[in-house]
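>>> This is a predicted model, with the sequence first.
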Amino acid sequence: MGKSYKFAFVSNSETISKVVYRHATSQGISMVVRLATMEDALPVAQELIDAGINVILGGGGTGKLLRQQLKQPVVTISRTHFDILRTLFRIRHAAKYVAITSYGEITEGLNLFADLLNIRIKPIVFHSTQELTDGISQAIDSGVDYVIGGGICMETAREMGCRGSTIIPSSKVIQRALEEAVNIAESQHSSQKHAAWLEGALDSLHEGIVGVDEAGTILFSNTKAADFLNTDQKNEGSIFTDFLNVIQIDQVLRNGEYIPDNICSFDNRSFVTNIRPIRINSDIDGAIAAFRPATYLRTIDSKLRKHVKNRGFTAKYTFTDLIGQSANMRALRKRSQRFAQTDANIFIQGETGTGKELLAHALHNAGSRAHEPFVAVNCAALPDSLLESELFGYEEGAFTGARKGGKEGLFLLANKGTIFLDEIADISALLQVRLLRVLESQEIFQVGGVRVIPISVRVVSSSWKNLAREVQAGRFRADLYYRLTTLNVQIPPLRDRVEDIPEICGVLLHRLGFSSHLLSPAEYSLLSTYAWPGNVRELAALLHRYVLLKQDEEPNSNLLAELLQELIDSSAQLTATPNTMGAESSLLVNVSLKQQVERHERKIIRQTLLKNNQNKSLTAQQLGISEHTLWRKMKGE
Ligand SMILES: Nc1ncnc2c1ncn2[C@@H]1O[C@H](COP(=O)(O)OP(=O)(O)OP(=O)(O)O)[C@@H](O)[C@H]1O
């Protein structure tokens, strides 16, 4: 019983101490015994507690005294009436007039004992060692021939030449006291354990936590609270409002209402507080205030934004990146800028490479959602089932292979911001239904989940296809079409705004580290003869190739014309691809047959040179022309 706890018995009776010690150790209880006068008992007990003793036991008067004066619980080992009777019975033939000492008050029923055993009894009541000594001395003077009691009464009487005995508590009394001491130690341990865990939990929070009683006095607080309030200790016992000027705490204590996210100040710093009443039954017993500096929330907010940014969910381009001063482009920019100010869904139609995604970025950045996420999804890039879980997320265990903890879904990541659904015309009929449901309800239902999450997302979608025609053909739902195309813009193909080509080339060349003068006016006009089925993307790729190859070329070579010719050749092979303009339209317009034949010759020469490691004589020999002709043809003479 109670092996791991430590107990101490404080008494001024050596006799009782020995009995208690024997009893405790026989049961394996760790017991320290300290003899002390009543006057010394308090500091001795305090010293024992400080040294790690769990529970103090005190004998008779000493026990009662300690119980009154110590903050910690004290178990007293007090004699019972039966213990007195047993002692009186033992000495009844040897004594005529017996004094019985007792601390603080007269022991009841002594008359009964006197009558029963036919002896005279004199009670002695004392509160201090001096009173006890004086009482015994006076009793002896008045004819007492035997003194019984606890503590030092036996020794004092004997010193005064009188007989004396100690009333020893029975085993049962000692046993009960030991059990009580162990119970106290156990319940103390369990509440200390609770407190330690609670304190640990409170101290590991990033918020300051302060608990106050119904008068607003601080009962407890965590270290973060002390940190925030710039105080060393935890301020228990102080009035909360002396630290944090939270008017609402009175309101919470008065009305019992929970006040979340309130701003208050201390030491010129702003804090966000949440104050919650604590009720016991229906009475308000106090309140708990949780608070953190307002700057902390800002840090979290910017961390969140950074996280979203790191994952690439931000819009990179603005309207200034959308180059072109043609009437077409100016009209498009004007219209789009107006649309950006609204929150309505927008559909962008345009051939590949016309800048649909660029425009989606610009629309987001020019609108009220600019500081929120921008999430771009290519709907044609993923199989249907995967696209669904990518868009709407899923809950843990939704399907085999589902990630632990589930997945948020791009719609949720775009919450408050914009989602750009590229190639929207290509989504399946099933996905069209789900998308429609989300757009109508502004809520996300996760795959395999029961959660419904409200969202606010602006949808910008795009396709090279004519969506209205897709609806007519029955491939796209009309209801979804209307949801997506509240506003719509069409980006004209590059061939319809060839006047933009020099400006676009200028910017692209500049990005590649070259001047726009790298191309001559004649070359610019050559570029405008091509149909550009791949639009600006194709133009950018061509320029890239051009600046790379240009370095090895003769100054007057026809590199640009040759590269254009290659484009024509390769686009001829792409005739079947619906996303291009077709081979015929890729042919150079306004270029004579002679020039075209020459370009073709140059292309053959270049390819043979490449095959022959630039060996000109071998190339000339293989092509059946002289080296001189080869030179001439290369220079375009
Ligand atoms: N008007 C423009 N000004 C400057 N750059 C442009 C313009 N239009 C397109 N681009 C550039 O061309 C490339 C293709 O643009 P983007 O990806 O936006 O086209 P898209 O229409 O979305 O193409 P796809 O339909 O194939 O996805 C990008 O590098 C983009 O920056």
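Thanks, I have the structure now.
>>> and the gap between the spatially closest residue to residue 42 that is not a sequence neighbour and residue 287?
Computed as CB to CB, 6 or more residues apart in numbering, the closest residue to residue 42 that is not its neighbour in sequence is residue 69, at 5.4 Å. C-beta here means a position set from N, CA and C on the backbone, and glycine is covered the same way. Look at residue 69 and residue 287: by CB to CB, to the nearest Å, they are 34 Å apart.
>>> So between those two, which is more surrounded?
residue 287 (27 against 12; other CB atoms under 10 Å).
>>> does the more buried one belong to a helix or a strand, and which?
Secondary structure from DSSP states H and E places residue 287 in strand 283-293.
>>> Please enumerate the strands of the stretch 301-450 of the chain.
Remark: strands assigned in the stretch 301-450 of the chain by DSSP state E, counting those that start in this stretch are 346-350, 374-378, 418-422, 443-445.
>>> average pLDDT for the last one?
This means strand 443-445. For strand 443-445, mean pLDDT is 81.
>>> Which residue does the chain have closest to the ligand?
residue 355 (2.5 Å; CB to the nearest ligand atom).
>>> if we can go back for a sec, tabulate the strands of the stretch 301-450 of the chain (a markdown table), appending distance to the ligand and mean neighbour count.
Shown next, in a markdown table, are the strands of the stretch 301-450 of the chain (distance: least, CB to the nearest ligand atom, whole Å; neighbours: other CB atoms under 10 Å):
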| stretch | distance to the ligand | mean neighbour count |
| --- | --- | --- |
| strand 346-350 | 5 | 23 |
| strand 374-378 | 7 | 21 |
| strand 418-422 | 6 | 25 |
| strand 443-445 | 25 | 18 |
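>>> could the ones you listed be laid out in a markdown table, adding distance to residue 55?
Listed next are those as a markdown table, based on distance: least, CB to CB, whole Å:
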| stretch | distance to residue 55 |
| --- | --- |
| strand 346-350 | 77 |
| strand 374-378 | 64 |
| strand 418-422 | 67 |
| strand 443-445 | 59 |
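>>> Quick one, which of the ones you listed gets closest to residue 471.
Residue 471 sits nearest to strand 346-350 of all those, at 11.7 Å, using CB to CB.
>>> Starting from the closest one, tell me which strands it pairs with and how they run.
In the sheet, strand 346-350 lines up against strand 458-463 (parallel), strand 487-491 (parallel) (DSSP bridges).
>>> Can you tell me which of those strands is packed in deepest?
strand 458-463 (a mean of 25; mean count of other CB atoms under 10 Å).
>>> For the very next helix or strand once past that strand, which helices and strands make contact with it?
Counting by DSSP H and E, the next helix or strand C-terminal to strand 458-463 is helix 467-472. Applying 3 or more CB pairs under 8 Å, 6 or more residues apart in numbering; DSSP states H and E, one finds that helix 467-472 makes contact with helix 478-484.
>>> by contact count, what packs against the helix it packs on?
Using 3+ CB pairs under 8 Å, 6+ apart, helix 478-484 sits against helix 429-441, helix 467-472.
>>> buried residues in the last one?
When you say that, I think you mean helix 467-472. Using 16 or more other CB atoms under 10 Å as the test for burial, helix 467-472 gives 467, 470-471.
>>> With pLDDT and distance to the ligand as added columns, please give the residues you listed in a markdown table.
What follows is the buried residues of helix 467-472, written out as a markdown table (pLDDT from 0 to 100; distance: CB to the nearest ligand atom, whole Å):
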| residue | pLDDT | distance to the ligand |
| --- | --- | --- |
| 467 | 95 | 14 |
| 470 | 95 | 16 |
| 471 | 96 | 20 |
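>>> what would the residues you listed look like in TSV with distance to residue 270?
Listed next are these as TSV, based on distance: CB to CB, whole Å:
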residue	distance to residue 270
467	50
470	54
471	54
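>>> Sweet, I'm off.
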